[in-house]
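Undergrad: turn this into a structure:
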Amino acid sequence: MNANGQQLRLFNTMTREVAEFRPTRPGHVGMYSCGPTVYADQHIGNMRTYVFADTLKRALMFKGMTVRHVMNITDVGHLTSDADSGDDKLEVAARREHRSAWEIAADYTADFKTDLGRLRIIEPDVWCKATDHIQHMIDFAAALDDKGWCYQIPAGLYFDASKDDSYGELARLGLAGQREGARVEVVEGKRGGSDFAVWRTSAPGENRQMEWDSPWGRGAPGWHLECSVMSIEYLGRHFDIHTGGVDHIPVHHTNEIAQSQAYLADGRPWVGWWLHGEFINLRGAKISKSTGGGVLVADLIDRGYHPLTYRYLLLQAHYRSQTEFSWDAMSGAKTGLRRLLDRFAAARQDADAAQAKLGQAATRHLAAFDQAICDDLGTPKALAVVAAAARDDSLDDAELTVLAARFDEVLGIGLTDLTPADLDLAPGGAQVSAAEVEAIVIERSKARTQKDFTRSDQLRQRLAELGVIVDDHADGSSSWRWSS
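TA: Numbering: from 1, shown residues only. Next up, the predicted model:
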């Protein structure tokens, strides 16, 4: 489990401390990540959360642990405010796009999985959709109701937070002094400001695409219910790690904990470790799921940036620190990643190199990398170690090949297979590198020299289609640039 000598230490949001991580079952980790609400494409702020969770999972595997990772797809139940008010996001999107909620969910789920691949985020072992577990949620809610944790009003079945003495512990919240409507919706008949819907009953005359029969009337589950139900379904009554963004702490995760521990009623913490990724800022404005809109991974590609450049940018900051996104920052990240690839790609050898024995210098670099990762996923320090190894002339190509593989087990930035030219995407996302463009420009120059103007025009048109502008100079030479 601890193959590299260091013990992995992580920050637990529940305790507000960094401590040694030890799974309940030695060598095996149960991990649940709150997945996307698939009413729209996930912007790069959302994707930071999944890069963080992926880095955590990779670090656990790097340390020799087996990870069972579960992620949900929210295709019903999440309302237009993260504070549990408004209409269902899938229903709103269906009206906006004049399609069924089921079509909306399927299409945006596919887009999300495409973006995971682009960012080399390892897919979970289990995908679970809310709409596939409606009966499980009804059974869970019924158990809570039978135990006296809930009350029914015309709007549905609500969890009585006042009955939970530890409610809000994760977010350091207290019931006293909380204002009605400050965190959750104002609902007629709701007893307390922190009470939340376990099941929402459709209003008379309401025309919903997604609703089911239940003991409390026809309606749909509350957003928080699905994660409790599906995590327990696939990981057991108690598991090791639950991840999400910091925006989940005050409402979603707080309510998950309350209902799960009420359901289990065994006096044990439902989850051992809570880990949360911070926001990314765009020109000083917070990006979170509640704001809507934002830059997409596809937008990065359209601007000519390889998606792993964005992953590299994210890893330059600690997952618990806010960081800034800008196009200048992306250009800087591209330069930094290119420097690493210059060295590691040049040293790259075949698979036999993976058996190479590391000398003292290479061993020191690997130990320093391990130490950085074990210090609460210290990716900025880990990248500094990677850069130091790339500059170390004492390392031979076989050692660098081995180190690249070990480093990329955690970082996932292409050290084992990308070349510097791979980072140069044409704006618009055409899969053409700068080296390929240069070759076309040279061929066109030869055609011009040979006065084969038909061929020259054909190649110029080809370059234009790739988003390349060619400038011909008086001395007969040519230069080129991306059109945007």
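Undergrad: buried residues in stretch 299-313?
TA: By neighbour count on 16 or more other Cβ atoms under 10 Å, the buried set for stretch 299-313 is 300-313. Backbone N, C-alpha and C define where each C-beta goes, glycine included.
Undergrad: kindly report the same for stretch 210-217.
TA: Quick answer for stretch 210-217 (16+ other Cβ under 10 Å): Met210, Glu211, Trp212, Ser214, Trp216, Gly217.
Undergrad: those residues: which two are farthest apart?
TA: Met210 and Trp216 (16.1 Å; Cβ to Cβ).
Undergrad: Gly192: which element?
TA: Using DSSP states H and E, Gly192 sits in no helix or strand.
Undergrad: same question for Leu56.
TA: Element membership of Leu56, judged by DSSP H and E, is helix 44-62.
Undergrad: packing partners for the very next helix or strand once past that helix?
TA: In the C-terminal direction, the helix or strand that comes right after helix 44-62 (DSSP H and E) is strand 66-73. Counting contacts by 3 or more Cβ pairs under 8 Å, 6 or more residues apart in numbering; DSSP states H and E, strand 66-73 is packed against strand 28-33, helix 44-62, strand 126-129, helix 223-235.
Undergrad: the same query, at a cut-off of 10 Å, please.
TA: Here strand 66-73 touches strand 28-33, helix 44-62, helix 101-118, strand 126-129, helix 223-235, strand 239-245, going by 3 or more Cβ pairs under 10 Å, 6 or more residues apart in numbering; DSSP states H and E.
Undergrad: centre of the chain to stretch 22-38, how far?
TA: 14 Å (Cα atoms, centre = their mean, to the nearest Å).
Undergrad: can you pull the buried residues of that stretch?
TA: For stretch 22-38, burial by neighbour count (16+ other Cβ under 10 Å) applies to Pro23, Val29, Gly30, Met31, Tyr32, Ser33, Cys34, Gly35, Pro36, Thr37, Val38.
Undergrad: ok, now stretch 472-481?
TA: Ser478, Trp480.
Undergrad: gap between the two ends of it?
TA: Chord length of stretch 472-481, first to last residue, is 12 Å (Cα to Cα, to the nearest Å).
Undergrad: so what touches it?
TA: Applying Cβ atoms under 10 Å, 6 or more residues apart in numbering, the external contacts of stretch 472-481 come out as 434, 437-438, 440-442, 444-445, 448-449, 456, 460, 463, 466-471.
Undergrad: one more time with 7 Å, if that's ok
TA: With contact meaning Cβ atoms under 7 Å, 6 or more residues apart in numbering, stretch 472-481 is reached by Val437, Val441, Ser445, Leu463, Val468, Ile469, Val470, Asp471.
Undergrad: mark which of those residues are buried, thanks.
TA: The neighbour-count criterion (16+ other Cβ under 10 Å) marks Val437, Val441, Ser445, Leu463, Val468, Val470 among the contacts of stretch 472-481 as buried.
Undergrad: reformat those residues as a markdown table; add distance to Gly267 and secondary structure.
TA: Below are the buried ones among the contacts of stretch 472-481 laid out as a markdown table (distance: Cβ to Cβ, whole Å; DSSP: H, G, I helix; E, B strand; the rest coil):
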| residue | distance to Gly267 | secondary structure |
| --- | --- | --- |
| Val437 | 65 | helix |
| Val441 | 71 | helix |
| Ser445 | 77 | helix |
| Leu463 | 69 | helix |
| Val468 | 66 | strand |
| Val470 | 73 | strand |
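Undergrad: farthest-apart pair in those residues, please.
TA: Using Cβ to Cβ, the buried ones among the contacts of stretch 472-481 reach their maximum pairwise distance at Ser445 and Val468, which is 13.7 Å.
Undergrad: show me where this structure has its helices.
TA: Ranges of helices in the chain, per DSSP state H, are 44-62, 89-97, 101-118, 134-146, 223-235, 254-264, 297-302, 307-315, 327-347, 360-374, 379-391, 397-411, 434-449, 453-465.
Undergrad: farthest pair in the contacts of stretch 472-481?
TA: Using Cβ to Cβ, the contacts of stretch 472-481 reach their maximum pairwise distance at Ser445 and Ile469, which is 15.1 Å.
Undergrad: wait, Thr254 sits on Ser166?
TA: No - Thr254 lies out of contact with Ser166 (Cβ atoms under 7 Å); the separation is 10.3 Å.
Undergrad: these two: which is more packed in?
TA: Taking neighbours as other Cβ atoms under 10 Å, Thr254 and Ser166 compare with Thr254 leading, 22 against 10.
Undergrad: for that one, what are its contacts?
TA: With contact set as Cβ under 7 Å, 6+ apart, Thr254 has these partners: Gly168, Leu170, Ala171, Leu173.
Undergrad: how about Ala220?
TA: In this structure, Ala220 makes contact with Val76, Gly77, Asp88, Arg200, Met210, Glu211, Trp212, judged by Cβ under 7 Å, 6+ apart.
Undergrad: now the residue positioned nearest the centre of the chain: how far from Ser33?
TA: By Cα atoms, centre = their mean, the chain has its centre lying nearest to Tyr50, at 1.3 Å. Computed as Cβ to Cβ, to the nearest Å, the Tyr50 to Ser33 distance reads 7 Å.
Undergrad: kindly report the same for Leu337.
TA: Here the criterion is Cβ to Cβ. By it, Leu337 lies 26 Å from Ser33.
Undergrad: before we move on, what about Lys357?
TA: Note on Lys357: its distance to Ser33, by Cβ to Cβ, is 37 Å.
Undergrad: still on that earlier bit, now render the helices of the chain as a markdown table, adding mean pLDDT and distance to Ala421.
TA: Compiled in a markdown table, these are given as follows (pLDDT from 0 to 100; distance: least, Cβ to Cβ, whole Å):
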| stretch | mean pLDDT | distance to Ala421 |
| --- | --- | --- |
| helix 44-62 | 97 | 24 |
| helix 89-97 | 88 | 38 |
| helix 101-118 | 93 | 18 |
| helix 134-146 | 98 | 50 |
| helix 223-235 | 97 | 42 |
| helix 254-264 | 97 | 46 |
| helix 297-302 | 88 | 16 |
| helix 307-315 | 97 | 13 |
| helix 327-347 | 93 | 9 |
| helix 360-374 | 97 | 26 |
| helix 379-391 | 98 | 17 |
| helix 397-411 | 96 | 17 |
| helix 434-449 | 81 | 4 |
| helix 453-465 | 81 | 16 |
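Undergrad: between those helices, which gets nearest to Ala19?
TA: helix 360-374 (12.1 Å).
Undergrad: let me see the backbone angles for Ala171.
TA: phi -90, psi 0 (degrees, to the nearest 10).
Undergrad: and for the nearest residue to it once chain neighbours are set aside, the neighbour number?
TA: With sequence-adjacent residues excluded and distances taken as Cβ to Cβ, 6 or more residues apart in numbering, Ala171 is closest to Pro250, at 4.4 Å. If you count neighbours by other Cβ under 10 Å, Pro250 ends up with 17.
Undergrad: test my guess that Pro250 contacts Leu170.
TA: No - Pro250 is beyond contact range of Leu170, at 8.4 Å (criterion: Cβ under 7 Å).
Undergrad: what are the contacting residues of stretch 386-393?
TA: Counting by Cβ under 7 Å, 6+ apart, Leu340, Arg343, Phe344, Ala361, His365, Leu395, Leu403, Phe407 sit against stretch 386-393.
Undergrad: rerun at 10 Å
TA: Contacts to stretch 386-393, defined as Cβ under 10 Å, 6+ apart, come from residues 315, 336, 339-344, 346-347, 361-362, 364-366, 368-369, 372, 379, 395, 399-400, 403-404, 407-408, 411, 413, 415.
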